[in-house]
Every structure is written in structure tokens, then in C-alpha cells.
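A.B. asks: Could you look at this predicted model? Sequence included:
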Amino acid sequence: MHIAIAGNIGSGKTTLTGLLSKHFGWLPNYEDVDTNPYLSSFYEDMQRWSFNLQIYFLNSRIRQIVEIRKSGKNVVQDRTVYEDAHIFAANLHAMNLMTTRDFDNYRSLFELMTSLIQPPDLLIYLRADVSSLVRNIQKRGREYEASIRLDYLNNLNERYENWIDGYNFGKLLIFDVDNIDFINNREDLGQIIEKIQAELHGLF
């Protein structure tokens, strides 16, 4: 079983990945942030490093998915490969932070590579407004995230909503994290777990 958690920067994906993997006894699969050689450079100069960053993420996530399917184990994955193309790379291109030549090259590679993999059995989307995202980003205090612009987060949110509206690769659950606190409230986490179990076991 492969569950993937999608959501904007600061929506709580990594935290929920850890909580669900602990509850179900499944393997967590985290986004490659700390060892990513392009991330800090990207936030310093998005236009220069946007293509490099997106290619790195594409390579990293496709490898993760191949390993997940090979392992035959139950996995909770922090962020999906689809978000890279439909949200982050597309947004960089729209903001003129990635050239059309680079974007077309990236999209072509993305389409080829994703045609060879299976989508997650269940996608969980964490919806959050920009004020919640900023609060969470500030709370975790990553230095390279300090310069993230509000319009950047807002543009990403709009693209997330458009992508989720058209998502048809499999089962989907949406949680509005502005109105729940699955970190500090056990009842909120319990409701998420119940809905996941119901979706996976086909009760609804």
C-alpha cells in the first residue's frame, strides 16, 4: 500500500507522514530536503537554479517510487512527483523564473518518467491558507525558507486547488488543516485515521 501526502510548503505533510507511519506501522518516505544540494541556492536565485532543482526533485521522487513498489511494503510518502510538475515547475515558468525551453524539456521528461510508474493508492491533500503556511514556516525556522514571498505561496495554493480539482489517478482525501490540529489534538488525528481506513477498505 502506497499513501502519498500532498500540500503546499508548511502545510504539515512531513509531520502527518510521521504520525501516520507510526500509527499504521508503515515505512515513512520523506522528501529529500536536508541533503538537497540545490535548495538553498534556489531560494537565493530562483531564476538561475529553478531547472536544476526541478530535475533533482524529479530524479529523487521517481527513484523513491520505484523503491517503494520494489519493496512490497506499506509506505507513507511525503509529497508526490505530480506536485513538482503541475504546481512548482509550472509556477516557476509562469513567474518567468524558468525559461520556456527548460520548462518544455522538464515536462517532456516528467511525462515520460511518470508513464512508467504507478500512482499512489491513496492521495491525501492538506489544504491550508497562506497565513497558516507562513506561521508553520516561521515556526520550523529553516533559514533558506525565510525569503519565501507571500505571492509565491499564494500562487502555489491556486495551482494546488486546480490540480486537485482534476486529480483522477486514484483515491483522494482532502483535509482542511486550518480547521484541524492533528499535531496537538488526538481527536483530530483520530478522525483523519478513521477516514483513511474507511477509504482504503472501501467502506464509502
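C.D. replies: Sure, I can see it. Numbering: from 1, shown residues only.

A.B. asks: pretty sure A6 is in a helix, no?
C.D. replies: No - counting by DSSP: H, G, I helix; E, B strand; the rest coil, A6 falls outside a helix, being strand.

A.B. asks: Run through the bridge partners of it.
C.D. replies: Beta-bridge partners of A6, counted by DSSP bridges, are Y125.

A.B. asks: now it: how far from P120?
C.D. replies: Using C-beta to C-beta, to the nearest Å, A6 is found at 9 Å from P120. C-beta coordinates here come from the backbone N, C-alpha and C atoms, glycine included.

A.B. asks: got it, and R135?
C.D. replies: 28 Å.

A.B. asks: now swap in T35 and tell me
C.D. replies: For T35, the distance to P120 (C-beta to C-beta) stands at 23 Å.

A.B. asks: And these two? Which one has more around it.
C.D. replies: The neighbour comparison of T35 against P120 (other C-beta atoms under 10 Å) goes to P120, with 24 against 7.

A.B. asks: Can you pull the phi and psi angles for that one?
C.D. replies: Dihedral pair for P120: phi -60, psi 150, per degrees, to the nearest 10.

A.B. asks: pretty sure it is in contact with I5, am I right?
C.D. replies: No - with contacts counted by C-beta atoms under 8 Å, P120 stays clear of I5, the gap being 9.2 Å.

A.B. asks: shared neighbours, the two?
C.D. replies: Residues touching both P120 and I5 (C-beta atoms under 8 Å, 6 or more residues apart in numbering) are Q77.

A.B. asks: Tell me where this protein has helices.
C.D. replies: If DSSP state H is used as the criterion, the helices of the chain fall at 13-24, 39-44, 46-71, 81-83, 90-94, 100-114, 130-140, 150-165, 186-200.

A.B. asks: and V177, which of the ones you listed is closest to it?
C.D. replies: Of all those, helix 130-140 sits nearest to V177, with 6.7 Å by C-beta to C-beta.
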